[in-house]
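**Q** What would the 3D arrangement of this be:
(chains A and B)
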There are 2 protein chains.
Amino acid sequence: MTDGIKDRTAIVGIGQTAFGKGLPQSELGLACEAISSALDDCGIAASEVDGMVSYTLETNSEVDVARSVGLGDIRYFSQVGYGGGAGCGTILHAAMAVATGQADVVVAWRSRKRAAATSRPWAQVEARIDGPGQFTRTFGLLRPVDEIAMLTRRYMHEYGATRDHLANVAIAARKHANRNPNATMYQRTLSREEYMNGRWISEPLCLFDNCLETDGALAAIIVSAERAKDLPHTPAYIHSAAQSIPQEHQTMTNFYTADPLRGPAWECANALWAKSDVKPSDVKVAQLYDAFSPLIILSLEGYGFCARGEGGPFTDNGNIELGGQLPVNTSGAGMSEAYVHGFNLITEGVRQMRGTSTSQVEDADSCLVTSGEGVPTSAILLTNAVQ
Amino acid sequence: MTDGIKDRTAIVGIGQTAFGKGLPQSELGLACEAISSALDDCGIAASEVDGMVSYTLETNSEVDVARSVGLGDIRYFSQVGYGGGAGCGTILHAAMAVATGQADVVVAWRSRKRAAATSRPWAQVEARIDGPGQFTRTFGLLRPVDEIAMLTRRYMHEYGATRDHLANVAIAARKHANRNPNATMYQRTLSREEYMNGRWISEPLCLFDNCLETDGALAAIIVSAERAKDLPHTPAYIHSAAQSIPQEHQTMTNFYTADPLRGPAWECANALWAKSDVKPSDVKVAQLYDAFSPLIILSLEGYGFCARGEGGPFTDNGNIELGGQLPVNTSGAGMSEAYVHGFNLITEGVRQMRGTSTSQVEDADSCLVTSGEGVPTSAILLTNAVQ
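**A** Numbers count the residues shown, from 1 in each chain, chains lettered A, B, ... in the order given. As a prediction, the model looks like this:
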């Protein structure tokens, strides 16, 4: 019955603010700046925007953003939950709205200003811990990094992965950031020795296994594939997209299942590839969500670039660096460009399709972009030509 | 380029809990009960559900609901903002997901357990008021009812509407509730004299101009129109649907515009009717969002059932009661059945299409359902046969 969304829409405009800590703008100001920049990028007037999608995490309301940027009459709006898992979901929702004619020009965005915050949500005192946290926080799993550290221990135990594999991930991202003038870590290199001497955040994860803390905002504009052809840049066609909450899931990490290392990425991949003419072996560049380095290794497995347990060795010999088999996170991503809940993975995916990345993969005609692994997640497959 | 969503999906199952104050179940328990009931209603297994949509207001996470009800692998999830404005938006999102093949069986729901709360969000002490409230709360617009009361004053001044018109709305809803055994006010009648003697909540709005405070949950199951034909009940086809945030909008009431009485309903109606083969004059029953009685009068105008300023007189002579020209809120709705942020308007719309309402409009072959007017809103047009 359905024609689906395949190749019917494209990301045609991208925009971003400066990245930093303690930026002078408000969180609303950052959002507006990124959205205006994305509209300028594709030459579409703000008044033409009639759809808006963001994260449930977003503190800026649609009403305030729309009024402040001068958007048109909005006919579709949506939010996606689960923090870093939401990014590609916003693009999927936008694509659905355009493909069904519920909106013509949709903006997806994320603005974040808490890099300089002195207290993080999980560090705040609560009268009572609700949800799964009540069973784990009392045993020391306080922060997201603690949950992922325990998952990483299990992974290392099961498959013999090492800190060198994690270092491969951090160093690849840093090398790409060193080529990207807009990246936070543009001028700061990272050697293997420096990685190995990095202080523990939650063993076996050291400082360099963690994403940055960043103020900043990014936005993307989605229109129909027809209209995309008339706009200035090579369209980044939305070929396939999916979200995933697997059965019996627990947010972040699921230690109540027989196979805790098989997170939402696997089902998300099933849904994504089932609707895609492009297969993992065709993909020459990927932007994989990287709040923590082991998530890259798990995602390489989950999205089918290697078998279970082979994600560690897959990162050896520069395989995920520019020039390798599958360059990953070519902007520097969350670990070395900026951490804005993964939205910069989307904009970098678009640049790869345009051929304008500072770590451009020359023959890339598709790019996988994924959102947070562990939490309910999402992914998109972008192409630079209709298949 | 698009076939849109028209007639491609249907609501095939509806479910609800008991309504009350201080119900023993948790908010999660209520959600699960309503969803399970909706699945039983259409004979679809929980494990077949692969899409979930709710309100940003919903405190139950998708993960907890999915795990607790035993849903399948979820491939689409979405939330809609703005409280009472979100209801029909959840159905639109579900319809888009099914129409594009991103999901096959989507559950939309709302669970609410705060009827017995001693303190409402707007009554709580804040260190600082953010957003538009900083310009109005200091002048006495503390609660939603205060904002709508001022809007109602303006409406009465402009158009000569009276408290008798507001009473018409409250009494119509109550009469319908008196026919609905599941309604909170099933056994409590409301006379015009009682209405006129009701205590002020915010002049000119008295107790009976306000919705109830209710614990309870409701859910709806959305599948393709093809599949709907094989299920037990007459499908409530989703013929047209829209959301709306008009340009330059301010949430709830907008006193910064030349025409404060023209809220989001007008643009929502434009988007809804533009895609609909059914026109307002064809509609024989409507469920209009009713957190406050004047919203019904504004919605009658906004959705095109009468001209500007004629919403008051439109309610005279039993015109919006069963037997009248346009029976409105035939379950008793938010004012006399239950207030669950408008989701019970959707389930009653489905019953009207099935022919099972306790205030059934005999020749109704379509039903308009709307969400909150004033706030960013949404609406759906249901039919009982593909046009």
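**Q** How much space separates A:Gln287 from A:Ala173?
**A** Using CB to CB, to the nearest Å, A:Gln287 is found at 11 Å from A:Ala173. Using the backbone N, CA and C atoms, a C-beta is placed for each residue, glycine as well.
**Q** For these two, list the residues in contact with both.
**A** A:Val328, A:Asn329, A:Ala333 (CB atoms under 8 Å, 6 or more residues apart in numbering or on different chains).
**Q** Just grab the bridge partners of the first one for me.
**A** Here A:Val328 shows beta-bridge partners A:Ala286, assigned using DSSP bridges.
**Q** isn't it right next to A:Tyr289, touching?
**A** No. Using CB atoms under 8 Å, A:Val328 makes no contact with A:Tyr289, being 10.7 Å away.
**Q** neighbour-wise, which of these two wins?
**A** Each of A:Val328 and A:Tyr289 has its neighbours counted (other CB atoms under 10 Å in any protein chain shown); A:Tyr289 has more, 30 against 27.
**Q** That one and chain B: what is the separation?
**A** 17 Å (CB to the nearest CB, to the nearest Å).
**Q** contacting residues around that residue?
**A** A:84-85, A:87, A:295, A:299, A:334, A:342, A:345, A:370-373, A:377.
**Q** Show me which pair in those is furthest apart.
**A** A:Gly334 and A:Thr377 (14.4 Å; CB to CB).
**Q** which ones are touching the residue most central in space within chain A?
**A** With distances taken as CA atoms, centre = their mean, A:Gly342 lies nearest the centre of chain A, 3.0 Å away. By CB under 8 Å, 6+ apart, the residues touching A:Gly342 are A:Gly84, A:Ala86, A:Gly87, A:Cys88, A:Tyr289, A:Ala291, A:Gly334, A:Ser371, A:Gly372.
**Q** Nearest to A:Ala18, out of those residues: which one, please.
**A** Looking across the contacts of A:Gly342 and measuring by CB to CB, the closest to A:Ala18 is A:Gly334, at 16.6 Å.
**Q** Quick check: phi and psi on the closest one?
**A** Torsion angles at A:Gly334 (phi, psi; degrees, to the nearest 10) stand at phi -60, psi -30.
**Q** what do you get for A:Asn197?
**A** Taking degrees, to the nearest 10 as the convention, A:Asn197 sits at phi -90, psi 0.
**Q** what does the one 3 residues further on give?
**A** For A:Trp200, the backbone dihedrals (degrees, to the nearest 10) come out as phi -60, psi 140.
**Q** Also A:Tyr195?
**A** phi -60, psi -50.
**Q** Let me see the confidence value for the residue nearest to it when sequence neighbours are not counted.
**A** Nearest non-adjacent residue to A:Tyr195, counting by CB to CB, 6 or more residues apart in numbering or on different chains: A:Ala167, 4.4 Å away. Per-residue pLDDT puts A:Ala167 at 98.
**Q** Contact partners for A:Ala167?
**A** A:Arg192, A:Tyr195, A:Met196, A:Phe208.
**Q** Quick check: the first one touching A:Ile171?
**A** Yes. The pair A:Arg192 and A:Ile171 qualifies as a contact (CB under 8 Å) at a distance of 6.5 Å.
**Q** These two - which one has more neighbours?
**A** A:Ile171 (25 against 13).
**Q** Which helix or which strand is home to the more buried one?
**A** helix A:163-177 (DSSP states H and E).
**Q** Skipping adjacent residues, who's closest to A:Arg351 in space?
**A** Nearest residue to A:Arg351, sequence neighbours excluded (CB to CB, 6+ apart): A:Ser357, at 4.4 Å.
**Q** One more: A:Val375?
**A** Using CB to CB, 6+ apart, the nearest residue to A:Val375 is A:Gly85, at 4.0 Å.
**Q** Any idea how many residues pack against the one you found?
**A** By other CB under 10 Å, neighbour count at A:Gly85 equals 30.
**Q** Can you check what pLDDT the model gives it?
**A** The model reports A:Gly85 with a pLDDT of 98.
**Q** residues contacting the closest residue to chain B within the stretch 201-350 of chain A?
**A** Going by CB to the nearest CB, chain B is nearest to A:Ile245 of the stretch 201-350 of chain A, at 3.8 Å. Residues counted as contacts of A:Ile245 (CB under 8 Å, 6+ apart) are A:Pro264, A:Pro376, B:Met52, B:Glu62, B:Val63, B:Ala66, B:Asp73, B:Ile74, B:Phe77.
**Q** Please repeat the previous calculation with a cut-off of 10 Å.
**A** Residues in contact with A:Ile245, defined by CB atoms under 10 Å, 6 or more residues apart in numbering or on different chains, are A:81-82, A:85, A:251, A:264, A:267-268, A:375-377, B:50, B:52, B:61-63, B:65-67, B:71-77.
**Q** What helix or strand is A:Leu151 located in?
**A** helix A:144-159.
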